[in-house]
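Novice: Structure for this input, please:
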Amino acid sequence: MGITSSTQMINQQVFYDKINDLNDDCLAEIFMKLSLEERLIIESVCQRWKNISQISWYNVEKMNLQNLGLDKNYISQDDDTMLRYFFKSIHLFERCGKFVKILDLTWVHDSSIMPIIKLHFPFIKKLKLQINDWINRDFDNAFSNMKNLESLSIVIEPNNQSIPLTLIDALNGVVDKLKKLKFKNYLYCTKPCGSEEMTIPNQLASIIKQSKSLNCLSLVGYELSDAIIAEISNKKSLTNLVIHKRLKCNNDKSIYPISQYNNYY
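Specialist: Next comes the predicted model:
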């Protein structure tokens, strides 16, 4: 063993001894400044560090691609790669999911993540998703244990000309506190003019009616039923409304009732 390598080993041991002289609270403060992936690594150093690390996740109130420790360019990876990374991260969710208030999973595009979100993130207040590949059953009661959810934003690629009915029905679980609801049609900007509009199930009208605190609603790229338009027009709590849709003809008056309500800005 050379002098250089021996010196490095001595320095590393000295560093470890000094940092290990710190009390548990000081170590926890240090650990909380690390990335989420780094916190997992230090658990393997020794039993004491593992114990301290596992009780220091409470400051993780926001989770997105960046604080998972990934480079921003990673988001350009194909959907399968991103989905695999998501499921590899479940051990992280088990540790800090109950503390997360803001969750952005727009980097993974498969509905199979919904049961995982439901299981590990019960106290989120703000959720952002982008779903391009989905099956109906993944949305069954998807938000039933998220009683604090106030803001939901979903970009979704409609299938068979509509977004999932199970997704709209799942919103019944959050109507008590929901303040902001946004749906955006993923294909809206690329869909040829004159082709059939994507639709939102008529059950959204009931969700709007039940959501007493709803003050922001955004529906981008969907054909809206008369029942949905009527509920929007009568929703006195709404102060912020965004509707983007292609008019069927020059004198299309399908959203005329909404234009008569002046509570929005």
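
Novice: Just the buried positions in whichever strand or helix holds Ile207, please.
Specialist: Ile207 is part of helix 204-210, with elements assigned from DSSP states H and E. The neighbour-count check on helix 204-210 (16 or more other C-beta atoms under 10 Å) flags Leu204, Ala205, Ser206, Ile207, Ile208, Lys209 as buried. For every residue, glycine as well, the C-beta is placed using N, CA and C.

Novice: how near is the third one to Ile168?
Specialist: Right, Ser206. For Ser206, the distance to Ile168 equals 9 Å [C-beta to C-beta, to the nearest Å].

Novice: Adjacent strands (with direction) for the helix or strand that contains Leu241?
Specialist: Using DSSP H and E, the secondary-structure element containing Leu241 is strand 240-244. With DSSP bridges as the test, strand 240-244 is paired with strand 216-220 (parallel).

Novice: Help me confirm that Ile19 comes into contact with Phe31.
Specialist: No - at 10.8 Å, Ile19 does not count as touching Phe31 under the criterion of C-beta atoms under 8 Å.

Novice: Look at those two and report which has more neighbours.
Specialist: Legend: neighbour count by other C-beta atoms under 10 Å for Ile19 and Phe31, higher for Phe31 (20 against 13).

Novice: contacting residues around that one?
Specialist: Arg39, Ile42, Trp49, Ile52, Ser53, Ser56 (C-beta atoms under 8 Å, 6 or more residues apart in numbering).

Novice: Which ones among these map onto helices?
Specialist: Under the assignment DSSP state H, the contacts of Phe31 contribute Arg39, Ile42, Trp49, Ile52, Ser53 to helices.

Novice: Widest-spaced pair of the buried residues of helix 204-210?
Specialist: Spatial extent of the buried residues of helix 204-210 (C-beta to C-beta) is set by the pair Leu204 and Lys209 at 9.6 Å.

Novice: closest to Val174 among the buried residues of helix 204-210?
Specialist: Distance to Val174 across these (C-beta to C-beta) is lowest for Ile207, with 9.1 Å.

Novice: Quickly note the distance from the closest residue to the closest one other than its chain neighbours to Leu105.
Specialist: In space, Ile207 comes closest to Leu171 once its chain neighbours are excluded; the distance is 4.7 Å by C-beta to C-beta, 6 or more residues apart in numbering. Going from Leu171 to Leu105 by C-beta to C-beta gives 17 Å.

Novice: Asp25: how many residues sit nearby?
Specialist: 9.

Novice: what does His244 give?
Specialist: Neighbour tally, His244, other C-beta under 10 Å: 13.

Novice: Tell me who's in contact with it.
Specialist: Tyr188, Leu219, Val220, Gly221.

Novice: Closest one to Met63 out of these, please.
Specialist: When the contacts of His244 are ranked by distance to Met63 (C-beta to C-beta), Val220 comes first, at 25.0 Å.

Novice: Could you give the bridge partners of that closest one?
Specialist: Per DSSP bridges, the residues bridged to Val220 are Lys184, His244.

Novice: Point out where this structure drops to low pLDDT.
Specialist: Scanning the chain for pLDDT under 70 picks out the ranges 1-18, 66-77, 158-161, 189-197, 246-265.

Novice: what's the residue nearest to Ile207 in contact with, if anything?
Specialist: Residues in contact with Leu171 (C-beta under 8 Å, 6+ apart) are Phe143, Leu152, Leu178, Leu181, Leu204, Ile207.

Novice: Quick one: these as TSV, columns for distance to Pro164 too.
Specialist: Conversion of those to TSV gives the following (distance: C-beta to C-beta, whole Å):
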residue	distance to Pro164
Phe143	13
Leu152	14
Leu178	18
Leu181	15
Leu204	12
Ile207	14
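
Novice: Can you name the two of those residues that sit furthest apart?
Specialist: Spanning the widest gap among the contacts of Leu171 are Phe143 and Leu204, at 14.4 Å by C-beta to C-beta.

Novice: For the stretch 101-250 of the chain, just list every one of the helices.
Specialist: Here the stretch 101-250 of the chain has its helices, by DSSP state H, counting those that start in this stretch, at 114-120, 165-170, 204-210, 226-234.
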